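In: coords below, sequence missing:
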């Protein structure tokens, strides 16, 4: 059995649209770095993009919970 990469792990765990977009962006940047002669740029770029996308998604999730809780308490929803 082999170890999954970050992008494969996110696919299995059901990462959201923003994390997927971050992964694609990071993969593209990493490919440019490797094309310019840098080694390991693809994996590093992919990991960085995935991480940034996950942080943004987590922040949006927290914000959504706060706003939902605020408006729910104002309008009497639980």
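Out: Now that the structure is in, tell me what you want to look at. None of these values were measured; they are calculated from a predicted model.

In: pLDDT averaged over the host helix or strand of residue 33, what's the number?
Out: Using DSSP states H and E, residue 33 maps to helix 17-35. Average pLDDT, helix 17-35: 88.

In: Likewise for stretch 57-64?
Out: Stretch 57-64 comes out at a mean pLDDT of 80.

In: Which stretches in this structure count as helices?
Out: Assigned by DSSP state H, the chain shows helices spanning 6-13, 17-35, 41-74.

In: Name the stretch among the ones you listed that sits most buried.
Out: Comparing these by mean neighbour count (mean count of other CB atoms under 10 Å), helix 17-35 comes out on top with a mean of 17. For the C-beta atoms, the positions are set from N, CA and C on the backbone; glycine is no exception.

In: With adjacent residues omitted, what lies nearest to residue 44?
Out: Leaving out its chain neighbours, the residue that sits closest to residue 44 by CB to CB, 6 or more residues apart in numbering is residue 30, at 6.0 Å.

In: now do residue 28
Out: residue 45 (7.4 Å).

In: what does residue 20 give?
Out: Leaving aside its sequence neighbours, residue 20 sits nearest to residue 53 (CB to CB, 6+ apart; 7.0 Å).

In: sorry, back to before: so what's the residue nearest to residue 44 up against?
Out: Taking CB atoms under 8 Å, 6 or more residues apart in numbering, we find residue 30 in contact with 41-46.

In: mind checking how far it is from residue 57?
Out: Here residue 30 is placed at a distance of 20 Å from residue 57 (CB to CB, to the nearest Å).

In: for residue 63, same thing?
Out: Distance, residue 63 to residue 57, using CB to CB: 11 Å.

In: just residue 68 next, same as before
Out: Distance from residue 68 to residue 57, by CB to CB: 16 Å.
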